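S.K.: This is a predicted model, with the sequence first.
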There are 2 protein chains.
Amino acid sequence: MGICGLGTVASGLVNIINRQSALLRDRADADLRLVHIGARRDNPVCDISPYRVSRDIFQVVDDPEVDIVIELIGGTTAAKELVERALHQGKHVITANKALIAEHGNALFALAESKGLALRFEAAVAGGIPIVKTLREGLAGNQIEGITGIINGTGNYILSEMASAGRSFDEVLKEAQALGYAEADPTFDIDGTDAAQKLVILASIAFGIPLAIDAPFKEGIDRVGADDLEYAQELGYRIKHLGIARIAGEKIDLRVHPTLIPEQKSIASIDGVLNAVQLEGDAVGEVLMTGAGAGAGPTASAVCADLIDLARSLGAGQNCAIPALGVPLAKLQARELLPREAVTTPWYLRIIASDKAGVMAEITQLLGEEGISIESLIQKAPERGETHVPIIILTDAAAGGAMQNAVLSITALDAIQGDIVALRVEDFEEHGS
Amino acid sequence: MGICGLGTVASGLVNIINRQSALLRDRADADLRLVHIGARRDNPVCDISPYRVSRDIFQVVDDPEVDIVIELIGGTTAAKELVERALHQGKHVITANKALIAEHGNALFALAESKGLALRFEAAVAGGIPIVKTLREGLAGNQIEGITGIINGTGNYILSEMASAGRSFDEVLKEAQALGYAEADPTFDIDGTDAAQKLVILASIAFGIPLAIDAPFKEGIDRVGADDLEYAQELGYRIKHLGIARIAGEKIDLRVHPTLIPEQKSIASIDGVLNAVQLEGDAVGEVLMTGAGAGAGPTASAVCADLIDLARSLGAGQNCAIPALGVPLAKLQARELLPREAVTTPWYLRIIASDKAGVMAEITQLLGEEGISIESLIQKAPERGETHVPIIILTDAAAGGAMQNAVLSITALDAIQGDIVALRVEDFEEHGS
């Protein structure tokens, strides 16, 4: 096999291979040999002296001794070219590249399937948690009804720190960058793109639908203020940035956004850089998996799982028994997405209103006009010298469209200051579809 | 395929097959056909009219149309004969029978391996949680260092109810029986046998050792009193009945007993009939899986996973790519077990002593003589009219042998009433080995 790239994940993989080649060989029951590494520069955290090294990653792909290419360069341009070239040359591919799979998976899997080759991607979602294998194999007897995941460790770290220490978003983000949890450009972690890519992959396997990267509705963690985290806790909730995918009648509900969850749900207590994915199957009920969602060791662990799977298959004289997305591509069926306006959940609203009689009546009336009823309400006392007070409302289940209308009309009231924060609540009850 | 048995799990399986045959066919990419069910009597909760039914389960095995036998009769006598007969006839076997695998697995896997047949058992451990697959495949790149599991749902239900509602063991057990969580004869759930069988299976896969059913040290939940649950909570702990398997230097530490766990560990909050298994791998770190450990749907879900795996392999023209225990049997290496006397952990002690000056000094001196130091101590005030008071001690890490000696000599003091309760504390720190 050959490895392309020598960043964090690749160095973790090389370290596993160096440390426990005998174990891997026993488990794969095959002579797994790393022969070639392609990397623009060396990485001081791992010893690559036993291996051939090229500065041009394509030399790894073209190496006739390499029959499994492990793509760990990231990005979607060179990586796509590299994976295509490997498949065209009849080589199996393992990748940790969520963006590549989410954006180009349909074409790449088709190419792999047409050639009877494996294209594996366990490491692309939730790091060390073997969630792809669990969905595709471990729960294959189930109609999967829902997936709820904390699948972006950086975002979860930021929200957890803000919630537990009452710190500001900017301050925690800077710290996360210093600790190496967040990239220098953290946009994709913060705006939900990273989580959306992972969710699309999971949804495809769970529901047998083609990868639909532009599909999910997404909102990032920057919509959540320290106040909201505090109010949510007062109400018995935690705010987590969730990826949610669920069957909604004939349609699929697919979305990524900050969400209030009841504090007694296990997933509400998953803090820090951990990832957690809750799967709901018609036979198995709820299964929750928790573990490290990123990092050299955990992600390399997932790459190794693919590698050993593949070696076991090859050893048994067979190319790839398990379809990449759980069913042969021809069996995937596109399904319409539930528009965000139709997605019905309870809501959390934070409204800053002037501290005058009659305002509350106006707000509740406007909600009522959209058919939205109030589950609970907190009005805070005004701070000294303030003329405005925060009003926190939990509503009963309401469709996104109705809530959007209500928020617009409430915002237009004279008594309202600034923007209204409206966050969905996931109480894990059915609210129709 | 044919199913032997038509109890809870089998009826769950038939219901899955009846409900979603198209889904299973797509995922297996093969024409999975249930042709024959063997059962002494029908089961009203599932429709078996589409299938051939025999009152003699061996007719299922002998049916030439059956090439996968699903053993769901339980027990170890007829089940062993049945599985052997199926393998001798060249048929793959799937079983949910933990006792069969734990007690006769070595011989049965050898038979299956010699014939190139699959003998799968995902449903044997932790019900619907795909823990066997996760250990054997999903984390195959890791040296597994430890497993900590709540793997007996009945026992966990009883302890959870006792802890949350302050109810007595006998009362909760009766309720568990009425609810169908506990068998009419609940001995194996209560004395730890059921958990020990499951732990032996997990340890074998995790550490590459032969199945060693007589090996683990086991204690049941009947050693825990309602008082202990309460005192543990005061100290910031929960009491769970755990299966623990871990690498201890050259040896393996394997045990099943009630354990105090810090309340902030996720596994401490797994209540009711849920199962949870925490895996510690050198690359991945901690992975926790939680889900239903028993029941028709969850267990049948696990059987389906084996079935689809097998069908995918057969469809790819190959008998069994994945060794039953993760490595070929010849690669399994027996390892010595750490004797319980050498297993070193902190301890919880509940001592009923007469409320007199000097008693505490005697107790602490006897502990000191065994080199056991005290981490914290609570002495309760005497109840009205009582001359004896409970003393609760948390110790620092101490070997089982030293603690046994200390408990014997403290029990022999005049001031001590009745038996001392000594429970291990699992604080997930290293205490040497």
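M.R.: On my side now, so go ahead.

S.K.: Averaged pLDDT, stretch A:123-130. What do you get?
M.R.: Mean pLDDT, computed over stretch A:123-130, is 96.

S.K.: Report whether that stretch contacts chain B.
M.R.: Yes: using C-beta under 8 Å from any C-beta of the partner chain, stretch A:123-130 reaches chain B at A:G128, A:I129, A:P130. The way it works is simple: take the backbone N, C-alpha and C, and place the C-beta from them, glycine included.

S.K.: The first one in helix, strand or coil?
M.R.: In the three-state summary, A:G128 is assigned as coil, counting by DSSP: H, G, I helix; E, B strand; the rest coil.

S.K.: my guess is it meets B:V284, correct?
M.R.: Yes: shown here, A:G128 and B:V284 form a contact pair, counting by C-beta atoms under 8 Å, at 3.7 Å.

S.K.: what residues are shared contacts of those two?
M.R.: A:G291, A:A292, A:G297, A:P298, A:S301, A:A302 (C-beta atoms under 8 Å, 6 or more residues apart in numbering or on different chains).

S.K.: ChimeraX command to pick out the buried ones of those?
M.R.: ChimeraX command restricting these to the buried ones, with burial defined by 16 or more other C-beta atoms under 10 Å in any protein chain shown:
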select /A:291,292,297,298,301,302
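
S.K.: which non-adjacent residue is nearest A:A321?
M.R.: Of all residues not flanking A:A321 in the chain, B:A316 sits nearest, at 3.8 Å (C-beta to C-beta, 6 or more residues apart in numbering or on different chains).

S.K.: I'd assumed A:P323 was in contact with that neighbour.
M.R.: No: using C-beta under 8 Å, B:A316 is not in contact with A:P323; the gap is 10.3 Å.

S.K.: just the helices in chain A please.
M.R.: Counting by DSSP state H, one finds helices in chain A at the ranges A:8-19, A:21-28, A:57-62, A:78-88, A:98-114, A:131-133, A:153-165, A:169-178, A:187-190, A:193-207, A:226-234, A:296-315, A:359-369, A:400-411.

S.K.: quick revisit: who's more crowded, B:A316 and A:P323?
M.R.: Applying other C-beta atoms under 10 Å in any protein chain shown to B:A316 and A:P323 shows that A:P323 carries more neighbours, namely 23 against 19.

S.K.: check contacts around the more buried one.
M.R.: A:P323 neighbours (C-beta under 8 Å, 6+ apart): A:E113, A:R136, A:L329, B:D29, B:R312.

S.K.: low-scoring pLDDT stretches of chain A, where are they?
M.R.: Low-confidence segments of chain A (pLDDT under 70): A:318-319, A:430-433.

S.K.: Domains in it, by residue range?
M.R.: For chain A, the domain assignment from automatic domain parsing gives the residue ranges A:2-129+A:296-331, A:131-292, A:341-425.

S.K.: just to revisit the earlier point, just put the residues of stretch A:123-130 next to chain B in JSON lines and tack on distance to A:L377 and neighbour count.
M.R.: Formatted as JSON lines, the residues of stretch A:123-130 next to chain B follow (distance: C-beta to C-beta, whole Å; neighbours: other C-beta atoms under 10 Å in any protein chain shown):
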{"residue": "A:G128", "distance to A:L377": "42", "neighbour count": "30"}
{"residue": "A:I129", "distance to A:L377": "38", "neighbour count": "31"}
{"residue": "A:P130", "distance to A:L377": "43", "neighbour count": "32"}
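
S.K.: Please identify which of those residues is nearest to B:Q233.
M.R.: Proximity of the residues of stretch A:123-130 next to chain B to B:Q233, judged by C-beta to C-beta, is greatest for A:I129, which lies at 30.4 Å.

S.K.: one step back: could I get the residues of stretch A:123-130 next to chain B in JSON lines, plus columns for distance to B:I94?
M.R.: As requested, these are arranged in JSON lines below (distance: C-beta to C-beta, whole Å):
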{"residue": "A:G128", "distance to B:I94": "28"}
{"residue": "A:I129", "distance to B:I94": "26"}
{"residue": "A:P130", "distance to B:I94": "21"}
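
S.K.: residue in the stretch 251-400 of chain A nearest to chain B?
M.R.: As assessed by C-beta to the nearest C-beta, chain B sits closest to A:C304 within the stretch 251-400 of chain A, at 2.3 Å.

S.K.: Give the burial count for that residue, as a bare number.
M.R.: Burial of A:C304 is recorded as 31 neighbouring residues (other C-beta under 10 Å).

S.K.: contacting residues around it?
M.R.: Shown in contact with A:C304 (C-beta under 8 Å, 6+ apart): A:L13, A:I16, A:L24, B:A140, B:G141, B:N142, B:A283.

S.K.: Neighbour-wise, which one of these leads?
M.R.: A:L13 leads the contacts of A:C304 on contacts (other C-beta under 10 Å) with 33 neighbours.

S.K.: A:V303 is in contact with that one, correct?
M.R.: Yes: using C-beta under 8 Å as the test, A:L13 is close enough to A:V303 to be in contact (5.4 Å).

S.K.: Pull up the overlap in contacts between the two.
M.R.: A:I70, A:L72.

S.K.: Can you name the residues that contact whatever residue of the stretch 101-250 of chain A ends up closest to chain B?
M.R.: Closest contact between the stretch 101-250 of chain A and chain B, by C-beta to the nearest C-beta, is at A:G141 (2.3 Å). Residues in contact with A:G141 (C-beta under 8 Å, 6+ apart) are A:A283, B:I16, B:L24, B:A300, B:S301, B:A302, B:V303, B:C304, B:A305, B:L307, B:I308.

S.K.: what about the closest residue in space to A:I209 that isn't next to it in sequence, distance to A:A212?
M.R.: What sits nearest to A:I209 in space, not counting adjacent residues and going by C-beta to C-beta, 6+ apart, is A:R335, at 5.3 Å. A:R335 is 9 Å from A:A212, where distance means C-beta to C-beta, to the nearest Å.

S.K.: Could you dump the domains of chain A into JSON lines and include distance to B:A118?
M.R.: As requested, those are exported to JSON lines (distance: least, C-beta to C-beta, whole Å):
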{"stretch": "domain A:2-129+A:296-331", "distance to B:A118": "11"}
{"stretch": "domain A:131-292", "distance to B:A118": "14"}
{"stretch": "domain A:341-425", "distance to B:A118": "43"}
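
S.K.: I'd like to know which of those domains is closest to B:A357.
M.R.: domain A:131-292 (45.1 Å).

S.K.: Next, give me the two most distant ones among the contacts of A:G141.
M.R.: Largest separation among these by C-beta to C-beta: B:L24 and B:A302, giving 14.1 Å.

S.K.: ok now do the residue nearest to A:A96 when sequence neighbours are not counted, which residues does it touch?
M.R.: Nearest non-adjacent residue to A:A96, counting by C-beta to C-beta, 6+ apart: A:A123, 3.5 Å away. A:A123 makes contact with A:V9, A:I94, A:T95, A:A96, A:T299, A:A300, A:A302, A:V303, A:D306 under the criterion C-beta under 8 Å, 6+ apart.

S.K.: For the second one, name its beta-bridge partners.
M.R.: Spelled out, it's A:I94. With DSSP bridges as the criterion, A:I94 is bridged to A:I70, A:R120.

S.K.: gap between A:I147 and A:D427?
M.R.: Taken as C-beta to C-beta, the span from A:I147 to A:D427 is 17 Å.

S.K.: correction: A:A118
M.R.: Using C-beta to C-beta, A:A118 is found at 40 Å from A:D427.

S.K.: Have a look at those two and say which one is more surrounded.
M.R.: Per other C-beta under 10 Å, whichever of A:A118 and A:D427 has more neighbours is A:A118, with 24 against 18.

S.K.: which residues touch the closest residue in space to the more buried one that isn't next to it in sequence?
M.R.: Spatial nearest neighbour of A:A118, excluding adjacent residues (C-beta to C-beta, 6+ apart): A:C320 at 4.0 Å. Counting by C-beta under 8 Å, 6+ apart, A:C320 touches A:H92, A:A112, A:G116, A:L117, A:A118, A:L310, A:S313, B:A316.

S.K.: Mind checking which of these are buried?
M.R.: Applying 16+ other C-beta under 10 Å to the contacts of A:C320 flags A:H92, A:A112, A:L117, A:A118, A:L310, A:S313, B:A316 as buried.

S.K.: Good, we can wrap up now.
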